[in-house]
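Trainee: Pasting a predicted model and its sequence here:
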2 protein chains.
Amino acid sequence: MTDVHPAWLPDAAFAPLAARRVRVVGEGLLAGTVRGEVTRAGARLVTGDADVVLEQREGDGPEAYEIARRDGVTTVVAGGGPGLLYGLFHLVRLGEEAFAGDRAPERHAPAHALRMLDHWDNVDVHPVMGQVERGYAGGSIFYADGRVREDLSRVAAYARLLAAIGINRVAVNNVNVHRREARLLTDDLPDVARIADVLRPWGIRLHLSVSFASPVLLGGHTSADPLDPDVQAWWAAATERVHAAIPDFGGYVVKADSEGQPGPFAYGRDHADGANLLARALAPHGGVVHWRAFVYDHRQDWRDRTTDRARAAYDHFAPLDGRFADNVVVQVKHGPMDFQVREPVSPVLAAMPRTRLAVELQVTQEYTGQQRHVCYLAPAWREALGFRPWGEDGATVSETLRGGVAAVSNVGDDPFWTGHPLAQANLYAYGRLAWDPDADPLDEWVSLTFPGAAPAARALLHDTLDRSRRTYEDYTAPLGVGWMVRPGHHYGPDVDGYEYTPWGTYHFADRDGIGVDRTVATGTGYAGQYPRPWSDVYESRDTCPDELLLFFHHVPYSHVLASGSTVIQHVYDTHFAGVAEVERIVAAWDRADGLLPADVVARVRGRLVEQLRSAREWRDQVNTYFLRKSGVPDARRRTIH
Amino acid sequence: MTDVHPAWLPDAAFAPLAARRVRVVGEGLLAGTVRGEVTRAGARLVTGDADVVLEQREGDGPEAYEIARRDGVTTVVAGGGPGLLYGLFHLVRLGEEAFAGDRAPERHAPAHALRMLDHWDNVDVHPVMGQVERGYAGGSIFYADGRVREDLSRVAAYARLLAAIGINRVAVNNVNVHRREARLLTDDLPDVARIADVLRPWGIRLHLSVSFASPVLLGGHTSADPLDPDVQAWWAAATERVHAAIPDFGGYVVKADSEGQPGPFAYGRDHADGANLLARALAPHGGVVHWRAFVYDHRQDWRDRTTDRARAAYDHFAPLDGRFADNVVVQVKHGPMDFQVREPVSPVLAAMPRTRLAVELQVTQEYTGQQRHVCYLAPAWREALGFRPWGEDGATVSETLRGGVAAVSNVGDDPFWTGHPLAQANLYAYGRLAWDPDADPLDEWVSLTFPGAAPAARALLHDTLDRSRRTYEDYTAPLGVGWMVRPGHHYGPDVDGYEYTPWGTYHFADRDGIGVDRTVATGTGYAGQYPRPWSDVYESRDTCPDELLLFFHHVPYSHVLASGSTVIQHVYDTHFAGVAEVERIVAAWDRADGLLPADVVARVRGRLVEQLRSAREWRDQVNTYFLRKSGVPDARRRTIH
């Protein structure tokens, strides 16, 4: 643990608190955690006169808190232990400002009751996917050598970081539940309970990903049919045992009938039958089922242009609205495909008013540079959470969610937690946006992580991060088309890599044009899955936003975008511009010595070398591919190979 | 062992012999093997009057034999033990014909003294490449569970099969020598010696693939510099120990400075320095070094059109001609690239008159359907061995080789040995062609493997195998262009899969044309590596054979081939025709019940299902790719997606 980066909780961030006398009023585990943090900060815990009073007082919800300051005393009043802890971290964020002048009472409560991180960690090292599926930050913090780690101090440090950003649920294993990992539900319960014990003081409940086939895999049953009473009894008993070991167990995460995972289809049942089976087992214990809506045909025939993977989640789930039990959360990826750098918002999020939906985001940068590239994703998430499916006067996605938010963690046993030090900002931003979708957490993250950073350092970080998602988009797949990556590991360019595969991920580029016709009039009809006005906006290539044009339309290379550029010239221009931007960032970091800690500068520079190499590879492959195919030369006559 | 297919040595093939009295005159290990075979066949071993006399008599080379029949007695006179054994198997091939009428003396001697099979078997299961690299027939017959198998009875049966086709050298481990496998040379010698003991009675000497870095990996040296006396001493001592354990040890196979394997370049030395280092250590013991010429830049920049992988072996090795020790064999792949279904013959084979060259063939079907597709390769090998680099009046490749032939085995622990039962024909044909490059071994193979097969069965096998390489070529990569496979595993189509990679394997297709300009006049100059007349023939697109056109020239899709078809129409036509041919074969096997053993029919049918699926996938991807790119419709208006 000694060599682990403190991320957004360095000791220096607690300095303003350290000078204060703090009174903590409240009982219970989390009040104890708060007292521990106060002591750790070097502040004086008092019972009498205090500069800061943190008080747990019934009335408000357990996570909410009110912060105020009067007569030189800063007060936090919270409805429960978690609120007390969140209030304390709020003070840390405020820094000296928390102790200056008066402060009118200000209530804070989370936008979402469920704020979850999913770990795609395997217990055994998977021969293809490794210890952490889609993990780019080393091994798992939970598992090593085929079992739960003995030493969970790293998990405790992680939980503290998560509490500081308001995360309250963690699923500790991969949604692709392999044979070994299935046993976490049974044989490994004592070890899983140890993890839960480490998370609990930080207000975090543990969830498990489970195999829908568990009754067969673990219980010796011949069926996992959700309507089979024996199967129901098995789940009830198994869940009872989990709850006995972990009294505050959060619930199950399930990937069913998706990419080869077992599910209810095998028994002629649907997703509601499947989800409700587990929901019934969990209900007596207050647990929830996160049932993923990431269901599509991954053995599609590329020749068949009528099947459209983008439609699949809606086609599978929208008809089931109203059939899910109250403690089922249907977890919907933010876009209809799979975490591409640019996708429209999933229409499922507007299609199931009688279902508790959660949106699933991906903090781990599977398709966005794998933590070798800088790609600050908060702008994309804010777009998704703030999207108004019913138009400007309607609610935002975030406002309609009753199942909260979930995201795939980007953390591993890397000393910087996230491989790329700047990828810490993604994890921070996710937590803060889960609490408040309108937050703009970058400045907070900078202030906490690099206390006292000079304006030039802050400017460098902003310069590097602010536009980084757009830059990544610029040098990779243009105009919302996505998927031009190397199959399998998903790193680096391969324009046709997924074009003739069963994965449903095509661009249909020919010598004349490119894009997927998803209109109602002439295409797959996907655009019609949106309510108005978006169904109309996307239906027409005249109103469809440029950045999603190729997602919704197949157009000639000569098509003129709203920007005034042709599609082909846009491809060339953005690819040259994206690389130029990376070159500019590299140059900026060449001058970073002394601005930021040397270990951070060194690690970032190392990653930038690879980002630049890779960005150039993307630029050249994409430009060459489209020059060869379209025959249209670059209007500015730059080098295309 | 009970469930292993007898391949070309079923008991029934020995029936004609069984009825005879056989006298074996000779001493030594192999004479004992011959006696064992006679007994096993059910024949009577006699010392007096006999129907067959097999006599070992000094005079001729040890592998040669003379066969004759007079006065009702068939005689085999051999110069040594191996010749005696080969003569016996010759009788088996002849069947009843060996015992009919008189027979004028006929001498048989191998075209090549070294007739080798290379196994790319790993001791440990490699995380990516598996137990057998490029193996499509199950696990290794030599290794299991991270060590040499205890039970080597399968190896004994294999050695017997090899002896029957005249193979006399076997390299028992992968040329990519990983850390574990490097230790075969030292720690595992007692186990390797057990393998050698099993091969020896069949006239087969064992070879080991070794790491050039062995002195570092195994000897604790800091260098593997071939000019370092300590390194030389290490190899001398190590080889001494090998020889002590295996007195007839064959020698080393080395892949050096190739695809990441260590080699002499690291020390500023060249391939001759490297090969001679090992040759010196082996010379006192009569061993040879097989030094592979498969050397090229596998980290090439696809943007750089001047670098040409096809040139690499010649550029590296031709200047070294005359520098290699006498017991070095430079092992040259038959084509300049890597075992594509169609390549020109490597110009290296005509460029090193003062060097002992071996040609390397690939029996395992890496790029030719991976033993899921039928692809009888003997026609391709006959083309290569019979190629006349100096024109019609010059010698053939086979005639110029002084280092013999080597090939990568297609055998594993599959019950049929080779996965696809018909892939046994490739192994059989390889051995027979290594002995006699003019052989046409298919009828022999059929007669031995399916004794008494009806004419309809023979016709079915011919129909399935004769044209199968051409058919495979038809539905895969056209006109010699190669490489349109999925990267990594090399199965199934991906037209652009290798197009923007560092592997030096490109087709340069754009909207106007396709192919690699390897001419002297305007291209990479590769055509100039051939002697006349071939340098001229390949230089001009008018004289270049159609099937190699895109290997040597970049031409418009509208280019008219010698066949009269345009390039683009040829692509469409061959791809439709190739699939139609597979469909025809599938239909033929639908009627195969009773013609051939049921287990063979069942296995072949299973493979044909996959071959047909895969062939259609090839047809559709390739046709669609080129229709999209060229915009030229199929003249016959067939379905292109």
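Mentor: Looks like it came in fine.
Trainee: quick one, what contacts the residue lying closest to A:A562 once chain neighbours are set aside?
Mentor: With sequence-adjacent residues excluded and distances taken as CB to CB, 6 or more residues apart in numbering or on different chains, A:A562 is closest to A:D546, at 5.1 Å. Any C-beta I mention is one placed from the backbone N, CA and C, and that applies to glycine too. When contacts are counted by CB atoms under 8 Å, 6 or more residues apart in numbering or on different chains, A:D546 touches A:L479, A:L561, A:A562, A:S563, A:H570.
Trainee: how about a cut-off of 6 Å?
Mentor: For A:D546, the residues meeting the contact criterion (CB atoms under 6 Å, 6 or more residues apart in numbering or on different chains) are A:L561, A:A562, A:S563.
Trainee: Please see if stretch A:605-613 touches chain B.
Mentor: No. Using CB under 6 Å from any CB of the partner chain as the criterion, no contacts between stretch A:605-613 and chain B are found, and the smallest distance is 11.5 Å.
Trainee: mean confidence score for that stretch?
Mentor: What stretch A:605-613 shows for mean pLDDT is 98.
Trainee: Show residues contacting it.
Mentor: A:R372, A:H373, A:H420, A:V582, A:V586, A:W589.
Trainee: ok, and for that stretch, which residues are buried?
Mentor: Of the residues in stretch A:605-613, those scored as buried under the neighbour-count criterion (16 or more other CB atoms under 10 Å in any protein chain shown) are A:R607, A:L608, A:Q611, A:L612.
Trainee: The last one falls within a helix, correct?
Mentor: The one in question is A:L612. Yes. Secondary structure of A:L612, determined by DSSP: H, G, I helix; E, B strand; the rest coil: located in a helix.
Trainee: Only alpha carbons, please: show stretch A:157-173 as CSV.
Mentor: The C-alpha atoms that make up stretch A:157-173 are tabulated as CSV, following Å, rounded to 0.1, in the frame of the first residue of the first chain:
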residue,chain,number,x,y,z
ALA,A,157,-8.4,2.6,0.4
TYR,A,158,-10.5,2.2,-2.7
ALA,A,159,-13.7,2.3,-0.7
ARG,A,160,-12.6,5.5,1.0
LEU,A,161,-12.0,7.1,-2.4
LEU,A,162,-15.4,5.9,-3.6
ALA,A,163,-17.1,7.2,-0.5
ALA,A,164,-15.6,10.6,-1.2
ILE,A,165,-17.4,10.7,-4.6
GLY,A,166,-20.6,9.2,-3.3
ILE,A,167,-20.5,5.7,-4.7
ASN,A,168,-22.6,3.4,-2.6
ARG,A,169,-22.7,0.1,-4.4
VAL,A,170,-19.9,-2.1,-5.8
ALA,A,171,-20.3,-5.3,-7.8
VAL,A,172,-17.1,-7.2,-7.3
ASN,A,173,-17.0,-9.6,-10.2
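Trainee: Run through who's touching that stretch.
Mentor: Contacts of stretch A:157-173 from elsewhere in the structure, counted by CB under 6 Å, 6+ apart, are A:7, A:9, A:85-86, A:89, A:114-119, A:121, A:141-142, A:181, A:184, A:195, A:199, A:202-205, A:207, A:209, A:250, A:253, A:428, A:431-432, A:435.
Trainee: Please list the members of these that lie in strands.
Mentor: With strands taken from DSSP state E, the overlap with these comprises A:R115, A:M116, A:L117, A:D118, A:D121, A:R205, A:H207, A:S209, A:V253.
Trainee: Would you check how far apart the fourth one and A:G135 are?
Mentor: Between A:D118 and A:G135 the distance is 12 Å, computed by CB to CB, to the nearest Å.
Trainee: Kindly report the same for the first one.
Mentor: Between A:R115 and A:G135 the computed distance is 21 Å (CB to CB).
Trainee: Same question for the last one.
Mentor: From A:V253 across to A:G135, the span is 17 Å (CB to CB).
Trainee: next one: the third one
Mentor: Taken as CB to CB, the spacing of A:L117 relative to A:G135 amounts to 13 Å.
Trainee: cool, A:A592 as well?
Mentor: Between A:A592 and A:G135 the computed distance is 27 Å (CB to CB).
Trainee: of those two, who's got more company?
Mentor: Under the neighbour definition other CB atoms under 10 Å in any protein chain shown, A:A592 and A:G135 were set side by side, and A:G135 has more, 28 against 19.
Trainee: Tell me the predicted confidence for the more buried one.
Mentor: pLDDT recorded at A:G135 is 98.
Trainee: what does A:M1 give?
Mentor: You'll see A:M1 listed with a pLDDT of 51.
Trainee: Write out the residues of the stretch 401-550 of chain A neighbouring chain B.
Mentor: With CB under 6 Å from any CB as the criterion, the stretch 401-550 of chain A comes near chain B at residues A:D496, A:Y500, A:D510, A:R511.
Trainee: change it to 7 Å
Mentor: When proximity is defined as CB under 7 Å from any CB of the partner chain, the stretch 401-550 of chain A approaches chain B at A:V495, A:D496, A:Y500, A:D510, A:R511.
Trainee: Show me the two of those residues that sit farthest apart.
Mentor: The most widely separated members of these, counting by CB to CB, are A:Y500 and A:R511 (16.7 Å).
Trainee: If you count surrounding residues, which of these two has more?
Mentor: More crowded of A:Y500 and A:R511, by other CB under 10 Å: A:Y500, with 23 against 18.
Trainee: Helices of the stretch 151-300 of chain A, start to end?
Mentor: With DSSP state H, counting those that start in this stretch applied, the stretch 151-300 of chain A shows helices at A:153-164, A:179-182, A:189-199, A:214-217, A:229-245, A:271-282, listed in chain order.
Trainee: How about residues contacting the third one?
Mentor: Outside of helix A:189-199, the residues that reach it under the criterion CB atoms under 7 Å, 6 or more residues apart in numbering or on different chains are A:142, A:147-148, A:152, A:155-156, A:159, A:170, A:172, A:184, A:206, A:208, A:241-242, A:245-246.
Trainee: Stretch A:73-92 too?
Mentor: With CB under 7 Å, 6+ apart as the contact definition, stretch A:73-92 has outside contacts at A:13-14, A:17, A:26, A:28-31, A:33-34, A:37, A:50-68, A:98-99, A:108, A:163-164, A:166, A:168, A:203.
Trainee: Tell me the spacing between the residue in the stretch 251-400 of chain A positioned nearest to chain B and B:V571.
Mentor: Nearest residue of the stretch 251-400 of chain A to chain B (CB to the nearest CB) works out as A:R303 at 4.1 Å. As defined by CB to CB, A:R303 lies at a distance of 18 Å from B:V571.
Trainee: cool, and A:T368?
Mentor: A:T368 sits 37 Å away from B:V571, going by CB to CB.
Trainee: A:F317 too?
Mentor: Here A:F317 is placed at a distance of 43 Å from B:V571 (CB to CB).
Trainee: Which one of the residues in the stretch 1-150 of chain A is closest to chain B?
Mentor: Using CB to the nearest CB, the point where the stretch 1-150 of chain A gets nearest to chain B is A:P127, with a distance of 6.2 Å.
Trainee: Grab the nearest non-local neighbour of that residue.
Mentor: Computed as CB to CB, 6+ apart, the closest residue to A:P127 that is not its neighbour in sequence is B:P127, at 6.2 Å.
Trainee: was I right about the one you found contacting A:H126?
Mentor: No. Contact status for B:P127 versus A:H126: not in contact, 10.7 Å apart, counting by CB atoms under 7 Å.
Trainee: the more surrounded of these two?
Mentor: Relative neighbour count places A:H126 above the other of B:P127 and A:H126, with 16 against 9, counting by other CB under 10 Å.
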